[in-house]
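Colleague: Coordinates for the following, if possible.
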Amino acid sequence: MAGAHVRLEGSGRAPKRGAVRVGDIDPGEAVEVTVTVRRHARPVDFDTVKRTLGRFGLTVHAEYPATGSLIMRGTAAQIEDAFKAGLGVYSHGEDGLLRGREGDVHIPSELDGIVTGVFGLDQRRVARRSEHAGAMHPANAPAVNAPAADAPAAAPLGPAEFEQRYRFPDGDGAGQTVAIAEFGGGYFPDDVRAFCRTHGRSVPRVDTVSVGYTPMTPAEIAALSAEQQGPAIGESHEVMMDVEIVAGLCPGARISVFFAPFDQKGWIDMLDAVLAADPAPVTLCVSWGLAEDAPDWSAVALEEIDRRLEAAASRGITVCAATGDDGSGDQMHDANAHVHFPASSPFVLAVGGTMLDGADEVVWWNAPGDRSQHGGGSTGGGVSVKFPRPKWQDVRVKSRNAGATDGRVVPDVAALAGPPGYSLVFDGRPTMNGGTSAAAPLWAALIARIAAQAPHKPSAFLTPLIYTGQRGATGFTDITKGNNASPQPGFGYDAAAGFDAVSGWGVPDGKALLASLTQ
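Modeller: Model (predicted):
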């Protein structure tokens, strides 16, 4: 259908590095997009979008007025007529063949100023798991953190040991709902039962919620080709680690696991679903992300995701976001330091990682500090270049990037991510894992435990509260040793007394934090 179109501000996508366009999209292929509408949209705005896009043959599948989203469907030909996106089929290495685009989206001129984004046209990955399996013994750490050469590897820790180490409040999270975001993989309920049995915990209620993606079963993963199995198993490791950590620490809570595709649309749809959930969660754990300035993000995607994180914070939902496992470079491999998104959003609790060095807890760093360099990882942390420092974050940390403004600092807090790791069950067998995506669900579980012990207090977004008064000093154990330098850029941020950009305020003292929040 012909008609005047205008460029949609912030919609530009750079070519995906390593991806190759291999053909045109089938014009009859069914395509679903999420259309986002401006803040404070009125019903007439939604009517205008539906009427205008309806003329191109698009139909409404679902709508979320509270967050300004419309999910619409049509054929690829109809979608192309509506948005002039230049859709094609791209080969993305291990992710296979995906629909994609380059450049800008264009929208009908009637929607200029009403529609802020169109998501789902490009299926490229913008969710990388912050999970580190395998070699996690401190012998690979730099000299400042290295134990004696003949020190034996310590056994991974279970729920009871974390409760003791971080002084969790009493209880089991009863009456609370913990949400978990996942972007692929499978869910294995037998492993949750085996994990709980191993650690003497009751089995919690776990609900899976499909938001455009249905988690695979073990049988479905086994039926995949050898090439496909590797990524599916890795993603399933992430899922099961998140669920088991929360299950072990909050067996009385309800756990809702939201599964979405790993593209920009998946992020927005997942957050819309969480915000519409009943009962509402007290916390959302997000163990996935990507460098905030990675070229695969569109500018409008960061804005729309952050808008939904803001909505979560305003409703008292604390989103616990992992800061990544690749140190100061965050796999950008250039001369600058980078931080992870959504951890860099001012509307989340950014969670960094530590490791044990004998009796000491120090910043997590395993050589060379970047997983993509065929070695161990390290905690993400640093200063944002995308998000300004919020007023409540009154800390003195400067960016190490030449000429950069001093934006939002991450992490806010930390917990174990490196050696000796977390005791888990996967595929029916005992295993261990870690990374900042283990620290994030630990913090989500702690928040649920705190909320369960303070029912008379209104639910509130935690992050600004820990910067108020003396909470940063009284509710945490300070981490003062270590850094997060990765090979590129070759420098990082250092731990120090008080708040720093590798461990935030430190690791939790749960009972002291509860007391400070309920005074």
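Colleague: Who are the packing partners of the helix or strand harbouring V31?
Modeller: Per DSSP states H and E: V31 is located in strand 30-37. Counting contacts by 3 or more C-beta pairs under 8 Å, 6 or more residues apart in numbering; DSSP states H and E, strand 30-37 packs against helix 43-54, strand 69-75, helix 76-83, strand 115-119, helix 264-276. Using the backbone N, CA and C atoms, a C-beta is placed for each residue, glycine as well.
Colleague: So for G12, which of these sits nearest?
Modeller: Shortest distance between G12 and the helices and strands packed on strand 30-37, using C-beta to C-beta, is found for strand 115-119: 11.8 Å.
Colleague: chain center to the longest helix out of those in the chain, what's the gap?
Modeller: The helix spanning the most residues in the chain, taking DSSP state H as the definition, is helix 226-249. Put simply, helix 226-249 sits 14 Å off its chain's centre (C-alpha atoms, centre = their mean, to the nearest Å).
Colleague: go on, stretch 183-196?
Modeller: What separates the centre of stretch 183-196 from the centre of its chain is 19 Å, taken as C-alpha atoms, centre = their mean.
Colleague: end-to-end on that stretch?
Modeller: End-to-end distance of stretch 183-196 (C-alpha to C-alpha, to the nearest Å): 24 Å.
Colleague: can you check stretch 331-347 too?
Modeller: Distance between the two ends of stretch 331-347: 24 Å, counting by C-alpha to C-alpha.
Colleague: do stretch 34-53 as well
Modeller: Per C-alpha to C-alpha, the first residue of stretch 34-53 is 12 Å away from its last.
Colleague: quick one: buried residues of it?
Modeller: For stretch 34-53, a neighbour-count test (16 or more other C-beta atoms under 10 Å) marks T34, V35, T36, V37, A41, D45, F46, T48, V49, K50, T52, L53 as buried.
Colleague: ok, now stretch 52-71?
Modeller: Within stretch 52-71, judged by 16+ other C-beta under 10 Å, the buried ones are T52, L53, F56, L58, E63, Y64, T67, G68, S69, L70, I71.
Colleague: next one: stretch 113-130
Modeller: Buried, per 16+ other C-beta under 10 Å, within stretch 113-130: 114-130.
Colleague: That stretch: how far from the chain's middle?
Modeller: 15 Å.
Colleague: What average pLDDT does that stretch get?
Modeller: Stretch 113-130 carries an average pLDDT of 95.
Colleague: can you give me the helices in the stretch 101-250 of the chain?
Modeller: Using DSSP state H, counting those that start in this stretch, the helices of the stretch 101-250 of the chain run over residues 159-165, 189-198, 218-222, 226-249.
Colleague: ok, and which of those helices has the densest surroundings?
Modeller: Sort the helices of the stretch 101-250 of the chain by mean neighbour count, taking mean count of other C-beta atoms under 10 Å, and helix 226-249 sits at the top with a mean of 21.
Colleague: orientation of that one relative to helix 189-198 in degrees?
Modeller: Relative orientation of helix 226-249 versus helix 189-198 (axes from the mean of the first three to the mean of the last three C-alpha atoms, to 10 degrees): 40 degrees.
Colleague: Just list what the next helix or strand after helix 226-249 packs against, helices and strands only.
Modeller: The helix or strand immediately downstream of helix 226-249 is strand 254-259, counting by DSSP H and E. Applying 3+ C-beta pairs under 8 Å, 6+ apart, we find strand 254-259 packed against strand 177-182, strand 205-210, helix 226-249, helix 264-276.
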